[in-house]
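A.B. asks: Sequence first, then the predicted structure:
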Amino acid sequence: MESDMQALEALMWFFGGIFSYRIVSKLLNYGHMINSYREIMFSSLMLLKLADENFSKVNETVRETSIKNGDSDLQAETEYNSNMQLLEVWRNLNIATIIQLTPRGFQGLIKFKNWSEAMSLLKAKGGPNGS
């Protein structure tokens, strides 16, 4: 009877170990996925910020070149403003796409709703020009 109890206890410990292993490995896997997603989102925001800055610089250069080439100030400003409106649409579209394409399980990780909030988050995390 005692050996049966020892065998039963060993069997319980065996299955308890299997069950514990599966739970702990799942939790660690979820933690790794969350960290990976945060890093991917942070990297994506850095890339979008760099693209935004480059587009702004190019737009400024286009305006200066237009004026130097004899275009009227009004025409250069109109083109500049049109490009800035396009840039604003691009920013909003990117943020909306990130939010919509994020899986439901990771929606809580998104701490921004618009471009300025995303850039504030990037700056707080020490992104480019935010250190």
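C.D. replies: In hand now; what should we look at?
A.B. asks: Please count neighbours and contacts with C-alpha atoms only from this point.
C.D. replies: Will do.
A.B. asks: Quick check: residue 11 vs residue 17, distance?
C.D. replies: 10 Å (CA to CA, to the nearest Å).
A.B. asks: Repeat that for residue 76.
C.D. replies: Taking CA to CA, one finds residue 76 at 72 Å from residue 17.
A.B. asks: which residues of the protein fall in helices?
C.D. replies: Using DSSP state H, the helices assigned to the chain run over residues 2-68, 73-101, 115-124.
A.B. asks: ok so, going back, looking at residue 76 and residue 17, which has the bigger crowd around it?
C.D. replies: residue 76 (19 against 12; other CA atoms under 10 Å).
A.B. asks: OK, contacts around the nearest residue to that one once chain neighbours are set aside?
C.D. replies: In space, residue 76 comes closest to residue 63 once its chain neighbours are excluded; the distance is 5.4 Å by CA to CA, 6 or more residues apart in numbering. By CA atoms under 8 Å, 6 or more residues apart in numbering, residue 63 lies in contact with 76, 77, 79, 80.
A.B. asks: If we use 10 Å, what do you get?
C.D. replies: When contacts are counted by CA atoms under 10 Å, 6 or more residues apart in numbering, residue 63 touches 57, 69, 71, 73, 75, 76, 77, 78, 79, 80, 81.
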